[in-house]
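In: The sequence and its predicted three-dimensional model are supplied below.
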Amino acid sequence: MIYSRFYDFGGFTMKILKSIAVACAFLISSVANAQNISFIKDVAPILKENCFACHGSKNPKGKLDMTKYEALRHGGTKDDPIVAGKPDESYFIDVLKATDKTRMPPKESGDALSPEKIKILQQWVAQGAKIDKEVDAKADLLKELRIRWKAPVPSAKYSFPVAATALAFSPDGKKIVVGGHHEITVWDVDTAKLEKRINTRARRAMAFLFLPDGKLVVAGGRPGEEGDVRVYDISGAGKITDGVSFLDGVDDKKIMLKQLLDTDDEVLCLALSSDGKKLAAGGCDRLLHVWDIGSGIENAKLEQSIENHADWVFSASFSPDGKFLASSSRDKTAKVWNLASKESLATFPDHQNSVYGVFFKADGKNCYSAGDDKQLRLFGLDGERAGKQVRVIGAHTGQILKIAGNDKANLIATGGSDNTIKTWNAESGAAVKTFAGLTDQVLSLAFNKDGSLVAGGAWNGEVIIWKTADAVVVKKIAISPGLQTAGK
Ligand code: HEC
């Protein structure tokens, strides 16, 4: 029932039928040997899955970049590995079948390709090793494959709990928004009832940020496949089934308003300057992207892409005056960037392991940071104090995975793998309260606008909302739609 209604969005059904048709064509071609092999549909996915890890565009092994048709045909240390029409004379095919050390993928890195896959590549070479008419020989194949990938429709009822990787209160504090599997779900804070489901291209959301006008910015993607930052208007009503409103955040341009970023791996964090004029995002591409959104998110202008970290960027936070951007990374550091001079201002190495969270102190002169070492630390950023620890504020008994802050309540909150959230006085650093009740690692954390409520989301799909002042539980929500959980 839900499915038939859900499919009802314009064009959606057609697309699913088309992708089924493509899948059938693929099966027939590999079984019956009779069809034309398409480079982009049949060959490129095999190369991406089995070869791109070593033959990517950056430092490819054997100098052979396979992520563009042209580069593949250009060859690496040797010439073009393909003799069109002659698989038996093509080195590209030889290496797949080799039993010596020339075998690809190399023995140390896994099994040989299956005979079916080798056959597809072989047939493609036999048919002339051609590229599809609609694909440019110089095109980035990862991008071309992404364009052709279609987001699935989320399950009506989940059979597994979904990790609460991102959550946020709506600006009016009445709803809580969490990430699902290829969707965003909206829950009423007072009743803990599911109100809306907005399907998304991204498999999971890693960060949410509400703009002052109520639009929702979402960062996320598909791990190892793609990453994006998109802007949604989730205020509208969709088709209602069993009291839940379904919105199409994949194809409906009135709901998915804009895509700001398209990368090869997940985007993990977002930050907004306090004047609402600058937006930042960071993730697995190691970069921090900063947009000027002063004339509206529709007119967002990419200002700079900062390459200051050597590994994934986990979190970002603007200074109160919007002039500096703090960030933390899997490269074991927290850093502060001067946005005007485009220079690194401070690097804080003391965590000596992944730094999951960073947050600017209201004085603009210090930053909180926390991570794998379980410690919440404070470091300085100017002059002599740049990158020097001011002090250790406190600790969790597990890794600290998230930091959030709220000016009104004058609090910093940390959430960790010890299943708890703790609050700290943002000025003095004194420990304030511990919030218990979640039964798994805390992956997401948010205050409501006035700081009177704090919410935490866990790996096992639990969300708890507490009163900030006395750590009393206000609501518990199991965020996986339709999942039957023990004890419920
Ligand atoms: C784990 C890493 C790895 C993977 C995965 C891998 N290769 Fe390689 N490949 C290498 C290395 C290393 C070399 C260089 C070998 C040498 O120079 O002796 C190489 C060289 C090659 C060459 C020769 C390039 C030249 O001009 O010298 C071809 C062709 C090739 N690989 C094809 C493939 C194909 C096709 C796949 C996927 C089915 C693949 N490789 C997957 C590591 C890899």
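Out: Here it is on my side, so go on.
In: Give me the neighbour count for whatever residue of the stretch 201-350 of the chain ends up closest to the ligand.
Out: Across the stretch 201-350 of the chain, the shortest distance to the ligand (Cβ to the nearest ligand atom) belongs to residue 224, at 14.2 Å. All C-beta atoms are positioned from the backbone trio N, CA, C, and that covers glycine. Counted with other Cβ atoms under 10 Å, the neighbours of residue 224 add up to 11.
In: how about the nearest residue to it, chain neighbours excluded?
Out: Excluding the flanking residues, the one nearest residue 224 by Cβ to Cβ, 6 or more residues apart in numbering is residue 265, at 6.0 Å.
In: In contact with residue 37, which residues?
Out: By Cβ atoms under 8 Å, 6 or more residues apart in numbering, the residues touching residue 37 are 29, 43, 120, 123, 124, 127.
In: change it to 6 Å
Out: Residue 37 makes contact with 123, 124, 127, according to Cβ atoms under 6 Å, 6 or more residues apart in numbering.
In: tally of neighbours for the last one?
Out: The one in question is residue 127. Neighbour tally, residue 127, other Cβ under 10 Å: 16.
In: For it, which non-adjacent residue is spatially closest?
Out: Using Cβ to Cβ, 6+ apart, the closest residue to residue 127 is residue 37 (5.9 Å).
In: Now residue 424: closest residue in space that isn't a chain neighbour?
Out: Using Cβ to Cβ, 6+ apart and skipping residues adjacent in sequence, the residue nearest residue 424 is residue 412, 4.6 Å away.
In: that older thread, what about the residue nearest to residue 224, how many residues nearby?
Out: 17.
In: Helix, strand or coil: sort out it for me.
Out: With DSSP: H, G, I helix; E, B strand; the rest coil as the basis, residue 265 sits in coil.
In: just checking, it touches residue 287?
Out: No. Look at residue 265 against residue 287 with Cβ atoms under 6 Å: they stay out of range, at 10.9 Å.
In: Those residues of the stretch 101-250 of the chain touching the ligand, which are they?
Out: 104, 105, 106, 109, 113 (Cβ under 6 Å from any ligand atom).
In: and the fourth one, backbone torsions?
Out: What it means is residue 109. Residue 109 has phi and psi values of phi -100, psi 0 when expressed as degrees, to the nearest 10.
In: tell me the pLDDT at it?
Out: On pLDDT, residue 109 comes in at 89.
In: oh, and call the first residue 726 from now on, that's how I've got it
Out: From this message on, residue numbering opens at 726, which makes the last subject residue 834.
In: what's the spacing between the residue nearest to it when sequence neighbours are not counted and residue 789?
Out: Using Cβ to Cβ, 6+ apart and skipping the chain neighbours, the partner closest in space to residue 834 is residue 779 (7.5 Å). Relative to residue 789, residue 779 is positioned 9 Å away (criterion: Cβ to Cβ, to the nearest Å).
In: Which of the two has more residues huddled nearby?
Out: Neighbours per residue (other Cβ under 10 Å) separate residue 779 from residue 789, with residue 789 holding more: 19 against 16.
In: Would you quantify the distance from that one to residue 762?
Out: To residue 762, residue 789 is 21 Å away according to Cβ to Cβ.
In: again, but for residue 1083
Out: 49 Å.
In: for residue 958, same thing?
Out: 42 Å.
In: Repeat that for residue 1038.
Out: Counting by Cβ to Cβ, the gap from residue 1038 to residue 762 is 39 Å.
In: One more: residue 1104?
Out: 56 Å.
In: And for residue 928?
Out: For residue 928, the distance to residue 762 equals 29 Å [Cβ to Cβ].
In: Okay, and the beta partners of residue 987?
Out: Under DSSP bridges, the beta-bridge partners of residue 987 are residue 953.
In: Tell me how many other residues crowd it.
Out: 15.
In: again, but for residue 1022
Out: Number of residues near residue 1022 (other Cβ under 10 Å) recorded here: 17.
In: In PDB, list the C-alpha atoms belonging to stretch 1145-1154.
Out: Extracted as PDB, the C-alpha positions of stretch 1145-1154 are listed here (Å, rounded to 0.1, in the frame of the first residue of the first chain):
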ATOM      1  CA  THR A1145      26.600   9.000  27.600                       C
ATOM      2  CA  ILE A1146      26.300  12.700  26.900                       C
ATOM      3  CA  LYS A1147      27.900  15.200  29.200                       C
ATOM      4  CA  THR A1148      27.500  19.000  29.500                       C
ATOM      5  CA  TRP A1149      30.200  21.500  30.400                       C
ATOM      6  CA  ASN A1150      30.000  25.100  31.300                       C
ATOM      7  CA  ALA A1151      31.200  26.800  28.100                       C
ATOM      8  CA  GLU A1152      32.900  29.600  30.000                       C
ATOM      9  CA  SER A1153      34.600  27.800  32.900                       C
ATOM     10  CA  GLY A1154      34.700  24.300  31.600                       C
END
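In: starting at the chain centroid, how far to it?
Out: 27 Å (Cα atoms, centre = their mean, to the nearest Å).
In: Give me the buried positions along it.
Out: Using 16 or more other Cβ atoms under 10 Å as the test for burial, stretch 1145-1154 gives 1145, 1146, 1147, 1148, 1149, 1151, 1154.
In: and if you look at stretch 785-800?
Out: Neighbour-count burial for stretch 785-800 flags 785, 789, 790, 791, 792, 793, 794, 796, 797, 798, 800 (criterion: 16+ other Cβ under 10 Å).
In: Could you report the distance from the residue nearest to residue 852 to the ligand?
Out: Distance of residue 762 to the ligand, computed by Cβ to the nearest ligand atom, to the nearest Å: 15 Å.
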